[in-house]
Structure formats: C-alpha cells, structure tokens
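Enquirer: below is the sequence, then the predicted model.
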Amino acid sequence: QSQLVESGGGLVQPGGSLRLSCAASGNTLEYFTIGWFRQAPGKEREGVSCIDPSGGTTTYLPSANGRFTISRDNAKNTVYLQINNLKPEDTAVYYCAASTLGCHWINQYDYWGQGTQITVSS
C-alpha cells in the first residue's frame, strides 16, 4: 500500500526558510505527479506547486512570487518543497499528494500524506 509521509515543518520566524520533504513507501514516486497543497485554519485547501514525472513544474499558488521551489530526487524517492521568505500567511498544514495524471489535473490526486505543520511567527 502506498504511503506518503511529509516532514520538515516547524516554527519559523518571518523571512526564514524551510524545506519540506515528501517521501514514499510502498511505491516509486518517480512515475507519479506530485503536488504540494496547504490548508490554513478556517480556510479551504489550496494548491501550492506540482512536479510531473519528467520534472516539469507548475505553480498553483497565485501569490507564490517565486518563493516556492519544488524538486524531486528519484534516487531518494523524495519530492521537496523549498519555501523562502516565509510569511505569517504561509502558516498552514502542508500536504503532498500523488497523481497518475499531469499537473493540470489539480483535483485528481489519489494518494495523500498526513501533512506537516508550518507556523510562521515572531
């Protein structure tokens, strides 16, 4: 059974950086499109970024402003999300998800992790 596990969240001051990891067990990530999503308290879940099996990336978040970088290391079966210049409004639970379709199928992710919390506060 495929399982996605996120890690790398935490408490960080505004302006700081974090790198989130999405690791898989039970399956090989390199054949999947992997997306990062987030959900802040009281808000709907929103897409952040996506990377397809060929390494092509798509930014879902309109306000990203180049602060989010998604990458994958197939040898480690892991996808990363680098977030720079963190802002309080980035506070959310961040999830990774896997899809057999391309990045534009934002509502067609089949497997989800449990999430990792990012809190941005001074």
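Expert: Received, thanks.

Enquirer: who does the residue nearest the centre of the chain bridge with?
Expert: Closest to where the C-alpha atoms of the chain average out (Cα atoms, centre = their mean) is residue 36, at 2.5 Å. For residue 36, the beta-bridge partners under DSSP bridges are residue 49, residue 96.

Enquirer: and residue 120, by the same measure?
Expert: For residue 120, the beta-bridge partners are residue 12 (DSSP bridges).

Enquirer: so what's it scoring on pLDDT?
Expert: For residue 120, the pLDDT comes out at 98.

Enquirer: swap in residue 23?
Expert: Per-residue pLDDT puts residue 23 at 96.

Enquirer: hang on, it packs against residue 72?
Expert: No. Counting by Cβ atoms under 8 Å, residue 23 sits too far from residue 72 to count as a contact (11.1 Å). Heads up, the C-betas are built off the backbone N, CA and C, glycines and all.

Enquirer: can you give me the strands in the protein?
Expert: With DSSP state E as the criterion, the chain has strands at 3-7, 10-12, 18-25, 33-39, 46-51, 57-59, 68-73, 78-83, 92-99, 111-112, 116-120.

Enquirer: more neighbours: which of residue 23 and residue 72?
Expert: Higher neighbour count among residue 23 and residue 72: residue 72, with 20 against 17, using other Cβ atoms under 10 Å.

Enquirer: ok, residue 115 - contacts?
Expert: Residue 115 makes contact with 6, 39, 93-95, according to Cβ atoms under 8 Å, 6 or more residues apart in numbering.

Enquirer: for those residues, which one is nearest residue 12?
Expert: For the contacts of residue 115, the closest approach to residue 12 (Cβ to Cβ) belongs to residue 94, at 12.4 Å.

Enquirer: in space, what's closest to that closest one - neighbours in sequence excluded?
Expert: Among residues not flanking residue 94 along the chain, residue 38 sits closest, at 4.8 Å (Cβ to Cβ, 6 or more residues apart in numbering).
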